[in-house]
Structures are given as C-alpha cells and as structure tokens.
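Colleague: give me a 3D structure for the following:
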Amino acid sequence: MSFSRPIELKNASLSADKEPLVCAPLVGATEAAVLSELAAILPKKPELLEWRVDFFDGIADTGRVVAMAKAIQENAAGIPLIFTRRSIREGGNPIPLDEDQVLAMCQAVCRCGAVDLFDYELSVEPAYFAAAVALARETGVRLIASFHNFQETPSTEVLLAKFVAMEQAGADIAKIAVMPKELRDVLTLLDATLTARNTLKIPLISMSMGGLGSLSRLFGWVFGSSVSFAVGDKTSAPGQVPIEQLNTVVDIVHRALKGQ
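Modeller: Residues are numbered from 1 along each chain as shown. Below is the predicted model of the structure:
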C-alpha cells in the first residue's frame with residue numbers, strides 16, 4: 001500500500017515504494033561551501049537534493065548560478081535536484097533581485113538542463129506563476145508550487161484551498177509548510193494533507209515546522225506527503241531532523257504498518 005503519490009520526473013520516476021522520499025538541502029554561501037555540503041550528504045543517500053539559491057552569495061550573477069547548478073548536477077551521483085529561491089515574505093533570505101530577475105534566473109537554470117524540479121511560490125502575482133507553469137511545460141522540469149507560513153497554522157479549510165489552488169494553477173507538485181503554536185496545529189496540517197491526498201491528482205509535500213512540527217517530518221508520509229526534508233549537513237528550516245534519525249523512525253513505522 002502506498003500512502004503518498006510518486007513523483008514523476010522528465011526522465012525518471014521517484015517511486016512511492018520509497019516513502020517518504022528524503023530531500024537534503026544545500027545552503028552554502030559559496031561554490032566551495034555548496035560542494036563541501038554535497039560531499040558530506042552523498043554518503044547518506046537521500047532521494048532528492050534541494051539547492052536553496054537564496055543562501056548563495058552569487059545569486060545576482062545568473063552565470064554563476066547556472067555554473068553552480070551544473071556543478072551540483074555533475075557531483076550529485078544522479079540524485080535529482082530541486083532549485084529553490086525562497087522569498088523573504090515566506091521565510092527566505094533577502095536577495096538583490098526583483099521578481100522579473102528571479103523568473104529570468106529560473107528560466108536560465110531550467111533551460112540549462114541541470115535541475116529536475118523547481119520551487120515557485122503561489123503567492124507571486126498570477127502572471128509570474130503562469131510564466132513558471134509555461135517554463136515547466138517547455139523544459140520538462142517539474143514545478144513545485146509552494147506556500148509557507150512561519151507565524152501560524154491556518155485552518156484545515158484554508159490549507160485545503162491552497163492545495164486545490166496549486167493544482168488548478170498548473171503545478172506538478174503542491175507544497176505547504178506551516179508553523180504550529182500547539183500540538184493540535186500539527187493535526188490540522190496532517191488532516192489537510194490526508195484530505196488533499198484523497199481528492200487531488202498531483203503529489204503533495206507538507207510539513208509542520210519547529211520542534212512540534214518535527215512529528216510531521218517523521219510521519220507525514222503516512223498522511224500523503226511524498227517528501228520529507230532532512231538534514232544531510234546543514235538545516236534550511238526549523239524542525240528538520242538528521243537523515244539517519246529520519247530513516248530509523250521511518251523503518252520502524254514501515255515495519256509496524258506491515259505487522260512485522
């Protein structure tokens with residue numbers, strides 16, 4: 001039995017037989033730092049990598065960004081790469097680019113063939129998101145529509161509406177990350193994920209952040225989240241746990257679900 005949907009890439013399928021798919025972030029500020037992180041991560045064998053380019057000090061130079069994406073690809077041992085610029089309004093770092101320049105950067109990186117997926121926030125103006133959808137169709141790079149709230153957890157109804165809006169806007173994958181103020185908020189996120197898993201056609205990624213939210217990173221796949229972000233070398237968001245610990249817990253849960 002699969003609890004989450006598989007993620008189909010242009011040239012490969014990330015099977016839901018591996019649940020969850022583990023994604024390790026790369027957050028280095030320089031080329032050397034990113035490649036050092038990558039070298040530390042590879043022995044831990046995640047299924048995905050995410051390059052958070054808003055941490056990169058060369059983000060204003062598209063040539064450097066493209067060259068770095070290619071370098072990651074060349075050294076990643078075939079592990080698919082997500083390209084992500086997280087905006088300051090959704091918890092990212094300040095960058096010296098406006099949205100037109102961010103979109104142009106995404107276009108250059110996707111067209112160079114070095115990435116397999118890219119993350120673009122649903123909160124941008126609709127014309128920008130439509131351009132991101134067109135870019136995904138043009139290049140075959142899968143589009144992750146994302147929504148982040150670092151202050152609170154909206155209601156189940158609001159979260160479901162976000163998931164639905166992402167699918168209707170043309171995303172290949174829908175991602176939501178929210179911050180719990182109490183334990184019940186984690187249940188809200190998991191409930192919305194399970195309902196969306198049973199009603200939407202696209203794969204989902206969801207997480208509750210922080211200490212309480214770490215529970216969702218360990219068990220969220222049972223409720224329909226296809227990916228869990230875990231620490232390979234450095235963290236990119238509060239509540240991420242080391243890959244080794246995540247794998248241990250996931251193995252225990254899999255065995256329990258199978259009655260072993």
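
Colleague: in stretch 105-122, what counts as buried?
Modeller: Counting neighbours by 16 or more other Cβ atoms under 10 Å, one finds that the buried residues in stretch 105-122 are 105-107, 109-110, 114-122. Where you see a C-beta, it was placed from the backbone N, CA and C, and this is true even at glycine.

Colleague: distance between the ends of that stretch?
Modeller: From its first residue to its last, stretch 105-122 covers 17 Å (Cα to Cα, to the nearest Å).

Colleague: for the record, mean pLDDT for it?
Modeller: Stretch 105-122 shows an average pLDDT of 98 in the prediction.

Colleague: what stretches of the stretch 1-150 of the chain score poorly on pLDDT?
Modeller: 15-17 (pLDDT under 70).

Colleague: show residues contacting the longest helix seen in the chain.
Modeller: Counting by DSSP state H, the longest helix found in the chain is helix 183-199. Helix 183-199 has contacts (Cβ atoms under 8 Å, 6 or more residues apart in numbering) with 3-5, 152-153, 155-156, 159-160, 163-164, 174, 176, 178-180, 204, 206-208, 212-213, 215-216, 219-220, 223-225.

Colleague: need the next SSE after it, C-terminal direction.
Modeller: The helix or strand immediately downstream of helix 183-199 is strand 204-208, counting by DSSP states H and E.

Colleague: what residues does that following strand touch?
Modeller: Residues contacting strand 204-208 (Cβ under 8 Å, 6+ apart): 4-5, 144, 153, 163, 173-180, 185-186, 189-190, 192-193, 196-197, 213, 215-217, 220, 223-229, 237, 239.

Colleague: check stretch 85-104 too.
Modeller: For stretch 85-104, contacts defined as Cβ under 8 Å, 6+ apart pick out 52-55, 59-60, 62, 105-106, 119, 121, 123-125, 128, 131-132, 146-150, 237.

Colleague: can you turn the buried part of these into a ChimeraX selection?
Modeller: Here is the ChimeraX command that selects the buried residues among those (16+ other Cβ under 10 Å):
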select :52,53,54,55,59,62,105,106,119,121,124,128,131,132,146,147,148,149,237
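
Colleague: tell me where the protein has helices.
Modeller: Using DSSP H, the helices assigned to the chain run over residues 31-41, 62-75, 99-111, 126-139, 156-169, 183-199, 210-219, 243-257.

Colleague: need those helices in CSV (columns: distance to Lys10).
Modeller: Formatted as CSV, the helices of the chain follow (distance: least, Cβ to Cβ, whole Å):
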stretch, distance to Lys10
helix 31-41, 22
helix 62-75, 13
helix 99-111, 11
helix 126-139, 8
helix 156-169, 20
helix 183-199, 24
helix 210-219, 27
helix 243-257, 25
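
Colleague: coming back round to it: in PyMOL, how would I select the buried members of the contacts of helix 183-199?
Modeller: Listed next is the PyMOL selection for buried residues among the contacts of helix 183-199, using 16+ other Cβ under 10 Å:
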select buried, resi 3+4+5+153+156+159+160+163+174+176+178+179+180+204+206+207+208+212+213+215+216+219+220+223+224+225
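
Colleague: pull the distance from stretch 165-183 to the chain's centre.
Modeller: Remark: stretch 165-183 is offset 10 Å from the chain centroid, using Cα atoms, centre = their mean, to the nearest Å.

Colleague: check which residues of that stretch are buried.
Modeller: In terms of neighbour count (16+ other Cβ under 10 Å), stretch 165-183 has its buried residues at 166-167, 169-180.

Colleague: go on, stretch 244-258?
Modeller: For stretch 244-258, by 16+ other Cβ under 10 Å, it's Leu246, Asn247, Val250.

Colleague: could I get the residues you listed as TSV with distance to Leu35?
Modeller: Formatted as TSV, the buried residues of stretch 244-258 follow (distance: Cβ to Cβ, whole Å):
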residue	distance to Leu35
Leu246	24
Asn247	24
Val250	28
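
Colleague: out of those, which is nearest to Lys258?
Modeller: Proximity of these to Lys258, judged by Cβ to Cβ, is greatest for Val250, which lies at 12.5 Å.

Colleague: in TSV: the buried residues of stretch 244-258, plus pLDDT.
Modeller: Formatted as TSV, the buried residues of stretch 244-258 follow (pLDDT from 0 to 100):
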residue	pLDDT
Leu246	94
Asn247	94
Val250	94
